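Q: sequence first, predicted model second:
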Amino acid sequence: MILHRILEHKRAELRHKQSRGYITELKGRIADRSIPKGFINALEAGMTEDSPALIAEVKKASPSQGLMRPEFQHKFDPVDIAKTYERAGASAISVLTDQEYFQGCLDYLAFVKDQITLPTLNKEFMLEEIQFYEARAYGADCILLIVAALDRIQLQDLYSIARGMDLDVLIETHDERELDTVLERIPDARMIGINNRDLRTFSIDLGVTERLAKRIPAEKLIVSESGIHKRDDVIKIKEAGAKAMLIGESLIRADNIEEKIQELRSAPQPDSDPVESTTRWV
C-alpha cells in the first residue's frame with residue numbers, strides 16, 4: 001500500500017531532523033512570521049450560491065502519475081501557479097511539500113506564502129511535532145492530519161499541537177470508521193475533509209463524499225478532496241453538503257487554469273467571453 005511506504009520513508013526522514021539546532025533555527029523563523037491567517041474563515045467567506053469555496057493545489061507530481069505536466073521536468077514555478085489561482089478566485093492555496101513522492105519542498109510553501117495574500121495549507125504527512133514547527137516557519141496557516149496515517153492518540157496529540165500554534169486543521173477521512181473517530185475524539189474540530197480517493201487502490205468515487213457528508217454535523221465545514229474534474233462533479237459534492245473543495249490535478253493539467261476554475265465554479269454563461277489567462281505552460 002502506497003500510504004504505508006510513504007509513512008515509512010517519512011519516519012526515516014524525520015529521524016534525521018531531530019536536532020536541537022534545527023528546532024532553534026525553526027523557532028527563529030517563526031518569530032519573524034506573522035500570526036497565521038484564518039484558513040477556515042477564508043473558506044467560509046469564499047462559498048457562493050454556485051460553488052463551494054476552492055482550495056487550489058500547487059502540485060508538481062504524484063506517486064501514481066509522476067509529473068503533472070512533462071514541462072515540469074525543466075520548469076516548475078509554484079509562485080506563478082499560486083498567483084494564477086489567486087487571480088481566478090481561489091479562497092486558499094494548498095502546497096505539497098513532500099519531496100520523495102510528490103517532488104515538493106518546504107521552500108515552495110515559503111515562496112508562495114511570501115507572494116500571495118491567500119491563506120496556505122501545508123499538504124504533508126504530519127507525524128511528528130517538528131513538522132508543525134516547519135509548517136509555521138515556512139508560512140502555513142493550516143495543516144493536514146490524515147486519519148489513516150495516525151492512531152487515535154496521535155491524532156488527538158497532533159491536533160492539540162497544531163491548535164496550540166494557531167494553525168487551522170484539515171482532518172482527512174476516507175470511510176465511516178475514520179469519520180467516527182474524528183467525531184468522537186475531536187468533537188471541536190471545525191473542518192473535516194473527505195478524500196474520494198481509496199488509498200489502497202487509488203480509485204476515485206465521489207460517492208464517498210455523498211455517503212460520509214450525511215454523517216457530519218451541519219456546523220462542520222466539509223471539504224471534498226480528489227476526483228473533482230468537471231462542473232457536474234462540483235454540483236454533486238455541493239448538493240452532498242461540501243462547503244469547500246480541494247482541487248489540484250484538474251487545474252494543473254488544464255491548458256488555461258483561469259478558464260478551468262471559472263468552468264468548475266460558475267453556472268454556465270452561454271454569452272460570456274472566454275477568460276484570458278496570463279499563465280502559459282512552456
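A: Looks like it arrived, so ask away. No experiment lies behind these values; they were computed from the predicted model shown.
Q: distance from the host helix or strand of residue 210 to the middle of the chain?
A: Assigned by DSSP states H and E, residue 210 belongs to helix 207-213. Relative to its chain's centre, helix 207-213 lies at 18 Å (Cα atoms, centre = their mean, to the nearest Å).
Q: which other helices and strands contact it?
A: With contacts taken as 3 or more Cβ pairs under 8 Å, 6 or more residues apart in numbering; DSSP states H and E, helix 207-213 sits against helix 176-185, strand 191-195, strand 221-225, helix 231-240. For every residue, glycine as well, the C-beta is placed using N, CA and C.
Q: ok, now with 7 Å
A: If you count contacts as 3 or more Cβ pairs under 7 Å, 6 or more residues apart in numbering; DSSP states H and E, helix 207-213 packs onto strand 191-195, helix 231-240.
Q: using PDB, list the CA coordinates for the shortest one.
A: The reference is to strand 191-195. Extracted as PDB, the C-alpha positions of strand 191-195 are listed here (Å, rounded to 0.1, in the frame of the first residue of the first chain):
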ATOM      1  CA  MET A 191     -13.200  21.300   9.400                       C
ATOM      2  CA  ILE A 192     -13.400  17.700   8.100                       C
ATOM      3  CA  GLY A 193     -12.000  16.600   4.800                       C
ATOM      4  CA  ILE A 194     -13.500  13.700   2.800                       C
ATOM      5  CA  ASN A 195     -11.000  12.100   0.400                       C
END
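Q: tell me the mean pLDDT for that strand?
A: The average pLDDT within strand 191-195 is 98.
Q: and for stretch 237-245?
A: 98.
Q: now do stretch 252-265
A: Rounded mean pLDDT across stretch 252-265 is 97.
Q: tell me which residues in it are buried?
A: 252, 254, 256, 257, 258, 260, 261, 262, 263, 264, 265 (16 or more other Cβ atoms under 10 Å).
Q: now those as a markdown table including distance to residue 239 and secondary structure?
A: Below are the buried residues of stretch 252-265 laid out as a markdown table (distance: Cβ to Cβ, whole Å; DSSP: H, G, I helix; E, B strand; the rest coil):
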| residue | distance to residue 239 | secondary structure |
| --- | --- | --- |
| 252 | 26 | helix |
| 254 | 24 | coil |
| 256 | 27 | coil |
| 257 | 25 | helix |
| 258 | 25 | helix |
| 260 | 21 | helix |
| 261 | 20 | helix |
| 262 | 20 | helix |
| 263 | 18 | helix |
| 264 | 15 | helix |
| 265 | 15 | helix |
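Q: wait, which of those residues is closest to residue 95?
A: Distance to residue 95, by Cβ to Cβ, is smallest for residue 252 among the buried residues of stretch 252-265, at 12.4 Å.
Q: okay but the closest one is in contact with residue 71, surely?
A: No - using Cβ atoms under 7 Å, residue 252 is not in contact with residue 71, being 11.2 Å away.
Q: okay, buried residues for stretch 64-84 please.
A: For stretch 64-84, the neighbour count (16+ other Cβ under 10 Å) marks 68, 72, 76, 78, 80, 81, 82, 83, 84 as buried.
Q: among those, name the ones in helices.
A: Of those, the ones assigned to helices by DSSP state H are 78, 80, 81, 82, 83, 84.
Q: roughly how far does the fifth one sit from residue 56?
A: For residue 83, the distance to residue 56 equals 11 Å [Cβ to Cβ, to the nearest Å].
Q: quick one, grab the pLDDT at residue 19.
A: 84.
Q: meant to ask about residue 59, not that
A: For residue 59, pLDDT reads 97.
Q: who's in contact with it?
A: Residue 59 makes contact with 68, 96, 102, 248, 249, 252, according to Cβ atoms under 7 Å, 6 or more residues apart in numbering.
Q: from residue 95, how far out is it?
A: 9 Å.
Q: follow-up on the earlier one: can you list the buried residues of stretch 252-265 in TSV and add distance to residue 238?
A: Shown next, in TSV, are those (distance: Cβ to Cβ, whole Å):
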residue	distance to residue 238
252	22
254	20
256	23
257	21
258	21
260	17
261	15
262	16
263	15
264	11
265	10
